[in-house]
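Engineer: A structural model of the following input is requested.
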Amino acid sequence: MTITLSTDIEAGHGENSIPTTTSTPPMNLNIRFILHKWGLYPQTTATSQPTDPVNPSSVRSADYVYSYDSEHKYQNNLGSYRSNMQEVNRYPEGWARLAAEQEGFENAAIHRKFGYLLQRCLLDSHYRLAVLARRLFELDHQKASTRAPDDLTENIPTAEDLEDGLAEGQGLAEQASLLSKEQDHSLPQKISQLLQEIWPLLNNHHQMMFNERTLRSLHEVREPEFWNRCHKIKDDGYLNEEEMEYLSHPNDFVSTATDPLWRTITGWMHLLPKWLVLLLFKDNSTEEQKFAAPLVTGHMEIFCKGVAILVYAVVLLLPVIILYIFPGISTAGAVCLLTSFTLLFMAMMFSHQGATMLVVLVGSLAYAAVLVAFLANLQ
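Structural biologist: Numbers count the residues shown, from 1 in each chain. Prediction:
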């Protein structure tokens, strides 16, 4: 099992956790102390060799390939990163250099620390709020079902019962009355304490939801970019195979708030011939890098989405075209046609990430209703 290392932010709310900033953090302030604390400062001769801080050109460049989109949209960020390249190269090859690279590139650092982690925090917060809400419902139900002290006086033994020797029953009734009074006094206090516990969690949950929306607006570190960076580190050769296993976690770098349509398109790309993929998606800036995977430009992404939408439209309108060309089709043939294309529509919706059963069911019923109405008008 591969052990995934974590920072102070990923481990919890530590005292020395790194604050979130929107600007590129400095390279040379507290990173050595932080690396020692994280255990990311190996000094073994096999994986980490100290470099000469005076002559940083004697070491390999820490630059790595990034996307065409980020090259054009984030020139200021990349310029700041490359201007600090000598500061990054001052750290020994290994985890120290890798951590410095992550801290040096804003988008990679943000998505690494908060992309996948934020989803786990949201799930944990939702679970804790659900537990507290269930406890609040139970206390409210208990308060509503508890009898008032005046109701208990109706069951106090009468004088005839006392004369018959039921003094013990009177003692039990008095104990029940005292217990009911104690519960009446303790339940509002418990409910108040529970509400005081819920409000901070609810505010934090709303803040995390706001952070998630903000994170979605940033440039997405996608899987091809992750593998380009992973192969770059492997090509530099300062991490051994065991340490490279830590990098084989695309979910730590890939934003979880991805475009469902684009994820489906990238899945289909693996079915295309390699020469065609390189012809369509090859980035000229990575042409000389032997380890670089083809990255998709912004214009090419829009083109692929347009082609996918056009294919969907043709497939969905194909039964309408068939019914229009062959209006005299039999009832059995029409039923088979409608059923087959409705199932095809459901399969197409299920292929998208994040599609729920309710959405697929409602969409399929609406699609089938449109086809039935069109068939009825033709006949």
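
Engineer: Now do the same for stretch 129-147: mean pLDDT, whole number.
Structural biologist: Summarised as a single mean, pLDDT over stretch 129-147 is 81.

Engineer: so who does M349 touch?
Structural biologist: A355, V359, V360, G363, S364 (C-beta atoms under 8 Å, 6 or more residues apart in numbering). Every C-beta, even on glycine, is put in place using the N, C-alpha and C of the backbone.

Engineer: Show me how the record splits the chain into domains.
Structural biologist: Annotated domains of the chain cover 8-104+220-286, 113-216, 298-378 [automatic domain parsing].

Engineer: Mean pLDDT lowest where, among those?
Structural biologist: domain 8-104+220-286 - the lowest mean pLDDT of the domains of the chain, at a mean of 53.

Engineer: circling back to that earlier point, can you tell me which of the contacts of M349 are buried?
Structural biologist: Neighbour-count burial (16 or more other C-beta atoms under 10 Å) applied to the contacts of M349 gives V360, S364.

Engineer: mind putting the contacts of M349 in TSV, secondary structure included?
Structural biologist: Below are the contacts of M349 laid out as TSV (DSSP: H, G, I helix; E, B strand; the rest coil):
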residue	secondary structure
A355	coil
V359	helix
V360	helix
G363	helix
S364	helix
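
Engineer: in the stretch 201-350 of the chain, which spans are helices?
Structural biologist: Using DSSP state H, counting those that start in this stretch, the helices assigned to the stretch 201-350 of the chain run over residues 223-236, 241-244, 260-269, 274-281, 298-325, 331-350.

Engineer: Of all the ones you listed, which one is nearest S125?
Structural biologist: S125 sits nearest to helix 260-269 of all the helices of the stretch 201-350 of the chain, at 24.1 Å, using C-beta to C-beta.

Engineer: same for the closest one, what does it pack against?
Structural biologist: On a contact count with 3 or more C-beta pairs under 8 Å, 6 or more residues apart in numbering; DSSP states H and E, helix 260-269 meets helix 298-325.

Engineer: quick one: buried residues of the helix it packs on?
Structural biologist: Buried-residue list, helix 298-325, by 16+ other C-beta under 10 Å: M300, E301, C304, L316, P319, L323.

Engineer: residues near I329, how many?
Structural biologist: Other residues lying near I329 total 17 when counted by other C-beta atoms under 10 Å.

Engineer: Check L279 too.
Structural biologist: 11.

Engineer: What of Q196?
Structural biologist: Neighbours around Q196, by other C-beta under 10 Å: 9.

Engineer: ditto for the one 10 residues further on
Structural biologist: The number of residues packed around H206, counting by other C-beta under 10 Å, is 11.

Engineer: Now do the contacts for it.
Structural biologist: Here H206 is in contact with no residue (C-beta under 8 Å, 6+ apart).

Engineer: any idea how far it is from A133?
Structural biologist: Distance of H206 to A133, given as C-beta to C-beta, to the nearest Å: 15 Å.

Engineer: ok, now S340?
Structural biologist: As for S340, its distance to A133 is 45 Å (criterion: C-beta to C-beta).

Engineer: And for Y238?
Structural biologist: Y238 is 50 Å from A133, by C-beta to C-beta.

Engineer: Between these two, which has more neighbouring residues?
Structural biologist: Y238 (20 against 13).

Engineer: Quick one: classify the residue nearest to that one when sequence neighbours are not counted as helix, strand or coil.
Structural biologist: Spatially, and ignoring its direct neighbours in sequence, Y238 is nearest to E93 (3.4 Å; C-beta to C-beta, 6 or more residues apart in numbering). Of the three states, E93 takes coil according to three-state DSSP.

Engineer: Share the number of residues neighbouring E93, please.
Structural biologist: 22.

Engineer: hang on, isn't it packed against D236?
Structural biologist: Yes - E93 is within contact range of D236, at 7.2 Å (criterion: C-beta atoms under 8 Å).

Engineer: could I get the contacts of M349 as JSON lines with distance to S145?
Structural biologist: Listed next are those as JSON lines, based on distance: C-beta to C-beta, whole Å:
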{"residue": "A355", "distance to S145": "43"}
{"residue": "V359", "distance to S145": "40"}
{"residue": "V360", "distance to S145": "42"}
{"residue": "G363", "distance to S145": "44"}
{"residue": "S364", "distance to S145": "45"}
